[in-house]
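Student: quick one: sequence plus predicted model below, questions after.
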Amino acid sequence: MTRSHLSRRQLIQSSGAMALGGSAWWSAQAQPLAQTPAATAMAAVANLSGPDRLKKLMDGARKEGALTIYCSAPVDDMQAMTSVFEQKYGVKCKVWRAGSEKILQRGIVEARANRHEVDIFETNGPEMEALSREKILQECKSPFLSDLIPQAITPHREWIATRLNIFTCAYNTKVVKKEDLPKTYRDLLDPKWKGKISVEADDNDWLAGVVTHMGYDKGVALFKEIVAKNGVSVRKGHTLLASMVASGEVPLALTLYNYKVEQMKNAGAPVDWFALEPTVARPNGVGAARNAPHPHAAVLWEDFELTEGQVILGKRDFIPTSTKVPSKLNKMPLVFADPKVTLDDGQKWSHLYEEIFSRKGG
């Protein structure tokens, strides 16, 4: 577990995103990149307004004819959006999918080399914030921000949260009875959970959200006691952990995204999910590249993902941030995982995560 934490931290540190001292997480400290003709054109398009804004975006996007997206979303989920966008606007989407840390790395390397190939970044909040700090993103003055929950809008507006990965507990319905489920984290001290609990290896922002809400000393003491009494195994990857819940090898997981469990449940797997308070949400977002080679298509995509894309995501069991898309979860009390945890305080929380959960488990 140590190696995976360090590699991600070192990557963000190498980007310059952690050289921030005690500043707020949205503060941008990186030196501005040289202004380019592409950046000037992008800024002009991003600031379009008025009744003819959409027509200008559509006409410009059709002339550009292409859009390049770097994303970490599952292939089929992104394809569900790009196929609609292509058909509606006549713009061909080229998608490069990778883990969020690789998207960050590629974005920074290309920007510093003045290779401007990407139009849209779509990935986890911490990496989006790191791209913003590196002056790689461009604020787009979308008229659709008012439709979103307030927490979706970052102060600088260079990236916007489009969906929430909500950390929920998942269980195998053949192994665990619904009436036996814990109602609080303290219930996990019950001996019946011995050897049955697992967490994912990199969810220190979940721990930070929960422990901070509980009170640091109280929360840390509780999780240490749970591990000491009943053990908590650590698994690398949410997909792996979800599959182990489905197989029954892991009866109860504490840190799975609800949308993934819902998708598996709808496909017939013996799994279900429930939430313990505080419930932590990790935002995923979208942002346009400051030097986007297809500026009209990039701004049009951001509008699309904040409107029609929200409906598509909702139908695929994601939790969209739009208040116009019905979802119980985007209305429930949530503790939002702060990108500052990963960017500025990652070492503190990853060390604590390892200290708590590496003592026991398989």
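Tutor: Perfect, I can see it now. Remember, predicted model here, so these are calculated numbers, not experimental data.
Student: what's the spacing between stretch 229-247 and its chain's center?
Tutor: Stretch 229-247 has its C-alpha centroid displaced from the chain centroid by 20 Å (CA atoms, centre = their mean, to the nearest Å).
Student: what about it, how long is it end to end?
Tutor: Across stretch 229-247, the terminal residues are separated by 25 Å (CA to CA, to the nearest Å).
Student: list the buried ones in that stretch?
Tutor: By 16 or more other CB atoms under 10 Å, the buried positions in stretch 229-247 come out as 230-235, 238, 241-246. C-beta coordinates here come from the backbone N, C-alpha and C atoms, glycine included.
Student: now, among those residues, which is nearest to residue 92?
Tutor: Nearest to residue 92 among the buried residues of stretch 229-247: residue 238, at 31.0 Å, using CB to CB.
Student: hmm, which of the buried residues of stretch 229-247 is lowest in pLDDT?
Tutor: Taken together, the buried residues of stretch 229-247 show their lowest pLDDT at residue 238, with 90.
Student: ok, the closest residue to it other than its chain neighbours to residue 76 distance?
Tutor: Excluding the flanking residues, the one nearest residue 238 by CB to CB, 6 or more residues apart in numbering is residue 200, at 5.4 Å. To residue 76, residue 200 is 22 Å away according to CB to CB, to the nearest Å.
Student: between these two, tell me which one has more neighbours.
Tutor: Counting neighbours by other CB atoms under 10 Å for residue 200 and for residue 76 shows that residue 200 has the greater number, 22 against 9.
Student: go through the helix or strand containing residue 101 and flag the buried ones.
Tutor: Using DSSP states H and E, the element containing residue 101 is helix 100-112. Within helix 100-112, the residues scored as buried using 16+ other CB under 10 Å are 100, 101, 102, 103, 104, 105, 106, 107, 108, 110, 111.
Student: pick the one among those closest to residue 166.
Tutor: residue 100 (17.1 Å).
Student: surely the closest one meets residue 129?
Tutor: No - between residue 100 and residue 129 no contact is recorded; they are 11.2 Å apart, counting by CB atoms under 8 Å.
Student: before we move on, which element is residue 51 in?
Tutor: Using DSSP H and E, no helix or strand contains residue 51.
Student: quick one: pLDDT of it?
Tutor: For residue 51, the model assigns a pLDDT of 96.
Student: now do residue 300
Tutor: Here, the pLDDT recorded for residue 300 equals 98.
Student: okay, the one helix or strand it maps to in CSV with CA atoms only?
Tutor: Residue 300 belongs to helix 295-305 when elements are defined using DSSP H and E. Provided in CSV are the C-alpha atoms of helix 295-305 (Å, rounded to 0.1, in the frame of the first residue of the first chain):
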residue,chain,number,x,y,z
PRO,A,295,-12.3,25.6,-28.6
HIS,A,296,-15.9,25.7,-29.8
ALA,A,297,-16.3,22.0,-29.4
ALA,A,298,-14.6,22.1,-26.0
VAL,A,299,-17.0,24.7,-24.6
LEU,A,300,-20.0,23.0,-26.3
TRP,A,301,-19.0,19.7,-24.6
GLU,A,302,-18.8,21.3,-21.2
ASP,A,303,-22.3,22.7,-21.7
PHE,A,304,-23.5,19.3,-22.9
GLU,A,305,-22.1,17.5,-19.9
